[in-house]
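# pasting a predicted model and its sequence here:
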Amino acid sequence: MKIKLRPEDFVVEELAALPAQPGQIAIYTLEKSGLTTLDAIAAVARAFDIPRKVVRHAGLKDRHAQTTQHLWIERGPERSIEEKGLALKFLRKSALPPEPRGNRFRIVLRDLDPVEATRLAGAAASVAADGVPNYFDSQRFGSARHGEGFVGKKVLLRNWEEALKLALAKPSEFDTESRQKRMGAFKRHWGQWESCVEKAGTRTEAHVFGYLARRRGDFSGALKLIERPLLAMYMHAYQSWLWNEAVGRFLRKSLTSDVLMAARYLGGYLWFHRFVPADLINRWRTMTIPLFAYRTHCTDPVVAEVYSEVLRAEKLEQMDFKPAGHNLPYLKGEERALLLFPEKLVAGEPEADEMHPGRKKASLAFELRRGGYATLVVKKLRLLISEGKEGDVGGVEIADE
């Protein structure tokens, strides 16, 4: 099974309530393709000649998709923009920003085995009834694609130099060629800060290495020069991975092995249930599991047990999650639903896939509440329709993931 082979194969529309009361907040819809949300925001800021930080958004949308979302700007201009890859349309001025509710997805599943394709409708009904574990999928972990660990974990351990190395000097095959080249150079010349300044390609890189050239050894101070939103993303990525690990262990403690299936993702393996037993479904529909933080207290004994196991495996203690100090982001605890239930899930009839002779394609449409990953729905469908296939662990090929 393959998805995102073409941008039009993966369409995402943000669902939001727009405030009726008039005000000074300009609200827009942003349609884009081939751009990250941050790239598009930068283009909007240039076109309006305003700072990027005043262009607000509710979430990041995939670059390898056709997406529609809302932007808003306090006292923003009442005009629209159309450029290559994006169209910004002014809607209205309101007293409050839009209130995101979730997303609507239209996905084309390609390269389906003809026999597996016939099982898609039944698998979709099963997913709608029993949901999927509400994991964070690979898109959340782009900052760890070098395969050498999480910046956020190094920050928790107060290992400032290693955190900085992971952020700036660990190239990944997923990075652009120019970024790979720069990061490789930083890795080779680590400690030779003047040389790193010469090779810097961004303002942040120049600031960080320039600071180290003046104040050698102050890696904590240098780390603080990385944009706070980016540092926060590093921290949240690790917190999200811990949540995934805890939920995987929770499922394996709660269900028998014959009910479980596994799928690969960037962070390792995700465990899925074929179905939720009748004696658990009502509780699990409303159950939440906390994102772990300094003051997290797990009331459910199984959840407390699995988090203890995860922290022990990571050689961490809860005390390590205490805020690290001025200008460094820290992890906040919040509850996240255990299960995610796609709404209005419809699987289209399989038909010939023009991109893969002899194979099938099918469309999929559904809605998810805010924070849910559509790729999880696809992963579980892949597991269900390929059951019994020797050696299959639910790999879903995603172009350029």
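That came through, no problem.
# quick one, helices of the chain?
Secondary structure of the chain (DSSP state H): helices located at 37-48, 114-117, 120-130, 151-156, 160-168, 177-188, 193-199, 203-214, 219-223, 228-254, 278-286, 301-313, 374-385.
# right, so of the ones you listed, which gets closest to Asp137?
Shortest distance between Asp137 and those, using C-beta to C-beta, is found for helix 374-385: 4.8 Å. Placement of C-beta: from N, CA and C, glycine included.
# the closest one packs against which elements?
Under the contact criterion of 3 or more C-beta pairs under 8 Å, 6 or more residues apart in numbering; DSSP states H and E, helix 374-385 touches strand 99-112, helix 120-130, strand 132-133, strand 260-265, strand 268-273, strand 360-369.
# how about the first one: buried residues?
By 16 or more other C-beta atoms under 10 Å, the buried positions in strand 99-112 come out as 100, 102-112.
# count of neighbours near Ala200?
Ala200 sits with 18 neighbouring residues when counted by other C-beta atoms under 10 Å.
# actually Phe250, not the one I typed
21.
# for Val151, same thing?
26.
# identify the residue spatially nearest to it, adjacent ones excluded.
In this structure, Val151 finds its nearest non-sequential neighbour in Tyr234, 3.8 Å apart by C-beta to C-beta, 6 or more residues apart in numbering.
# wouldn't the one you found be in contact with Leu156 here?
No: here Tyr234 does not reach Leu156: they are 10.6 Å apart, not a contact under C-beta atoms under 8 Å.
# nearest to Gly358, out of the helices of the chain?
helix 114-117 (7.7 Å).
# outside of the closest one, which residues touch it?
With contact meaning C-beta atoms under 8 Å, 6 or more residues apart in numbering, helix 114-117 is reached by 1, 350, 358-360, 362, 385-386.
# one more pass at 6 Å, please.
350, 360, 385-386 (C-beta atoms under 6 Å, 6 or more residues apart in numbering).
# the residue nearest to Val151 is in contact with Lys154, isn't it?
No: Tyr234 is not in contact with Lys154 according to C-beta atoms under 6 Å; the separation is 8.9 Å.
# who wins for proximity to Val346 among the helices of the chain?
Counting by C-beta to C-beta, Val346 lies closest to helix 120-130 out of those; the figure is 7.5 Å.
# now do the closest one: which elements does it pack against?
Contacts defined by 3 or more C-beta pairs under 6 Å, 6 or more residues apart in numbering; DSSP states H and E place helix 120-130 against strand 343-347, helix 374-385.
# now the longest one: average pLDDT?
It stands for helix 374-385. The average pLDDT for helix 374-385 rounds to 96.
# go through it and flag the buried ones.
374-385.
# and the first one, by the same measure?
Residues 345, 347 are the ones in strand 343-347 that count as buried (16+ other C-beta under 10 Å).
# grab the nearest non-local neighbour of His326.
In space, His326 is closest to Lys224, 7.9 Å off (C-beta to C-beta, 6+ apart).
# hmm, that neighbour is touching Asn327, no?
Yes: counting by C-beta under 6 Å, Lys224 touches Asn327, with 4.7 Å between them.
# higher neighbour count, the two?
Lys224 (17 against 12).
# check that one and give its pLDDT.
Looking at Lys224, the pLDDT reads 93.
# distance check, it against Arg215.
12 Å (C-beta to C-beta, to the nearest Å).
# kindly report the same for Thr68.
In terms of C-beta to C-beta, Thr68 sits 46 Å off from Arg215.
# between those two, tell me which one has more neighbours.
Per other C-beta under 10 Å, whichever of Thr68 and Arg215 has more neighbours is Thr68, with 18 against 12.
# what sits against Tyr373?
Asp137.
# next, it: phi, psi?
Main-chain dihedrals, Tyr373, degrees, to the nearest 10: phi -100, psi 120.
# distance of it relative to Thr68?
Plainly put, Tyr373 is 18 Å away from Thr68 if you go by C-beta to C-beta.
# please apply the same query to Gly221.
For Gly221, the distance to Thr68 - C-beta to C-beta - is 41 Å.
# same thing with Lys332?
Going from Lys332 to Thr68 by C-beta to C-beta gives 29 Å.
# what of Thr37?
11 Å.
# kindly report the same for Gly149.
From Gly149 to Thr68 the distance is 35 Å (C-beta to C-beta).
# equivalent analysis for Leu38, please.
16 Å.
# now Lys89
Taking C-beta to C-beta, one finds Lys89 at 10 Å from Thr68.
# between the two, what contacts are shared?
Thr29.
# mind giving me the domain split of the chain?
1-12+102-125+343-388+397-401, 19-97, 157-229 (automatic domain parsing).
# which one of those is the most hemmed in?
Counting by mean count of other C-beta atoms under 10 Å, domain 1-12+102-125+343-388+397-401 has the highest mean neighbour count of these, with a mean of 18.
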